[in-house]
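Enquirer: would you be able to build a 3D model of this:
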Amino acid sequence: MSTNTSLRLRGRTQLLPLADALVMRLRAKVIRVQPFTEVEERILHLLADGFSDLDRATADWPDSERARARELTETLSEARFLEEVRVSPLLLAEDAARFDRLLNYFSELEEEGTSRHERLRRMLDARVAVVGTGGMGSWLLYGLACCGVRNFVLVDADRVEPSNLNRSILFGEHDIGRSKVDAAAEALLRFAPRADIRTVARPVSGARDMVPIAGDVDMVVASADQPTWLIRQWLAEACRQTGRPLLHPSGLRVGPFYVPGRSACPMCEWAALALSTPAFPETVARMRRLPRGNSGGLATVASLTASVATGEVLRHLAGAGQPLTINGIWEWKPDGTAGVRPLPPQKTCPVCAGEGAATAEEDGAA
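Expert: All right, here's what the predicted structure looks like:
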């Protein structure tokens, strides 16, 4: 083995000690180590730390323990519980160190053909527009930054108010009165100094406001909820025009994850509701003319929903699997359970006219 590589136990390996054996699990793979004594414990610590030369690493061990180390290393290597660790040209050393646990997570997907370093590189290079940086938006931003995203466009016209602080983790009392996007950008840069952040401190009043922004990013994530339904329509229209994916979580629900031309858009739900309840569009129109109420807000709701949404964004950007909310909506129900209910593309949708129906059928057949 070359000196610029080392061998170590895969970071996501689960270890379950029994009375006389050790069960090792990595995803669907399971192996039983027996006997399991203090010698095997010592070997596992060596494997967890990693080594570039086994003979050198065990040079001062008794011969019997060195032989057991070679035997166990060969067994685990054949079962693919060990991995070669190389310095990747795709990553800076500081990024590899900062996202070490994320790289371990991505390592489980390497059998699909894409290296962990490439998946992290995708996250680091991705550019994401986040519309709404308050309650849920703040949790989204922190979650995305934790997952490697560092190129952001922040869109929000509001200023920080005292009432934001019960659920907006990016802001403090010193930020009251400041532009939300400026305060959010400052907090993100403290957390991730190498981030590249553009701020847009103006309202979204139509699709035309978002088209140039959407066209300059890889995807749009939104937590803005006003004006009711119109903001969803405007963002969907802008993303359809630019071909950019859109995810618009709210409350205790996430989805649908909109890929223009391939899946249901947020307004497909509007179309489905209008079909099942013909009075629905007029009811919403009348609601917009009424004073806006101040609903309750909990950090737990914002953080829970934002975490699910962040996972969906990670799946898409890193290529770590199809988002769960493609043609569906994830919901947390009053009884404490959660699940995804289907939302196929709707031909009566005012934005996409169900154009993703054919692809949705193909994906379902596959």
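
Enquirer: ramachandran angles for S250?
Expert: phi -160, psi 150 (degrees, to the nearest 10).

Enquirer: that one: neighbour count?
Expert: By the criterion of other CB atoms under 10 Å, S250 has 17 neighbours. Where C-beta positions appear, they are placed from N, C-alpha and C, glycine not excepted.

Enquirer: got it, and N104?
Expert: Other residues within reach of N104, judged by other CB under 10 Å, total 15.

Enquirer: which SSE is it in?
Expert: Applying DSSP states H and E as the criterion places N104 in helix 100-107.

Enquirer: now for that helix, which elements pack on it?
Expert: When contacts are defined as 3 or more CB pairs under 8 Å, 6 or more residues apart in numbering; DSSP states H and E, helix 100-107 packs onto helix 116-125.

Enquirer: how distant is the next helix or strand after the helix it packs on from the center of its chain?
Expert: Once helix 116-125 ends, the next helix or strand along the chain (criterion: DSSP H and E) is strand 127-131. In terms of CA atoms, centre = their mean, to the nearest Å, the centre of strand 127-131 is set 13 Å apart from its chain centre.

Enquirer: put the alpha carbons of strand 127-131 into PDB.
Expert: The C-alpha coordinates for strand 127-131 follow below in PDB (Å, rounded to 0.1, in the frame of the first residue of the first chain):
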ATOM      1  CA  ARG A 127     -25.800  27.300  -5.300                       C
ATOM      2  CA  VAL A 128     -29.100  27.400  -3.500                       C
ATOM      3  CA  ALA A 129     -31.600  30.300  -3.300                       C
ATOM      4  CA  VAL A 130     -33.500  30.400   0.000                       C
ATOM      5  CA  VAL A 131     -36.700  32.500   0.000                       C
END
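
Enquirer: give the pairing partners of it; include direction for each.
Expert: Partner strands for strand 127-131, per DSSP bridges, with pairing direction: strand 151-155 (parallel), strand 219-222 (parallel).

Enquirer: to G296, which of those strands lies closest?
Expert: When the strands paired with strand 127-131 are compared by CB to CB, strand 219-222 sits nearest G296, at 21.2 Å.

Enquirer: contacts for that closest one?
Expert: Residues from elsewhere that reach strand 219-222 (CB atoms under 8 Å, 6 or more residues apart in numbering): 126, 128-132, 140, 144, 210, 213-214, 231, 235, 238-239, 244-249, 309, 313, 316-317.

Enquirer: which ones among those are found in helices?
Expert: Mapping the contacts of strand 219-222 onto helices (DSSP state H) picks out 140, 144, 210, 213-214, 231, 235, 238-239, 309, 313, 316-317.

Enquirer: report the two of those residues separated the most.
Expert: I231 and L317 (23.0 Å).

Enquirer: ranges for the helices of the chain?
Expert: Under DSSP H, the chain gives helices at 38-49, 54-57, 63-78, 93-98, 100-107, 116-125, 135-146, 180-191, 207-214, 230-242, 266-276, 280-288, 299-318, 357-365.

Enquirer: now for the ones you listed, which one comes closest to A19?
Expert: A19 lies closest to helix 38-49 among these, at 13.7 Å (CB to CB).

Enquirer: any idea of the angle the closest one forms with helix 63-78?
Expert: Note on geometry: by axes from the mean of the first three to the mean of the last three CA atoms, to 10 degrees, helix 38-49 and helix 63-78 are set 50 degrees apart in direction.

Enquirer: mind giving me the packing neighbours of helix 38-49?
Expert: Helix 38-49 packs on strand 5-9, helix 63-78, going by 3+ CB pairs under 8 Å, 6+ apart.

Enquirer: any idea of the mean pLDDT in that helix?
Expert: Averaging pLDDT along helix 38-49 gives 94.

Enquirer: please apply the same query to stretch 202-214.
Expert: pLDDT averaged over stretch 202-214 gives 96.

Enquirer: same question for stretch 104-116.
Expert: Averaging pLDDT along stretch 104-116 yields 86.

Enquirer: ok, and what's touching it?
Expert: Applying CB under 8 Å, 6+ apart, the contact partners of stretch 104-116 are 10-12, 26-27, 83, 88, 90, 103, 119-120, 318-320.

Enquirer: before we move on, back to that, I'd like to know which of the helices of the chain lies nearest to Q346.
Expert: Closest approach to Q346 among the helices of the chain is made by helix 266-276 (3.8 Å; CB to CB).

Enquirer: output the contacting helices and strands for the closest one.
Expert: Other helices and strands packing on helix 266-276, by 3+ CB pairs under 8 Å, 6+ apart, are helix 230-242, helix 280-288.

Enquirer: buried residues in that helix?
Expert: Of all the residues in helix 266-276, those buried under the rule 16 or more other CB atoms under 10 Å are P266, M267, C268, E269, W270, A271, A272, L273, A274.

Enquirer: and the third one, what does it touch?
Expert: C268 makes contact with P256, L343, P344, P345, Q346, C349, C352, G354 under the criterion CB under 8 Å, 6+ apart.

Enquirer: now the residue lying closest to A222 once chain neighbours are set aside, which residues is it bridged with?
Expert: Leaving aside its sequence neighbours, A222 sits nearest to V131 (CB to CB, 6 or more residues apart in numbering; 3.9 Å). Taking DSSP bridges as the rule, V131 bridges to V155, A222.

Enquirer: I'm done for today, thanks for sticking with me.
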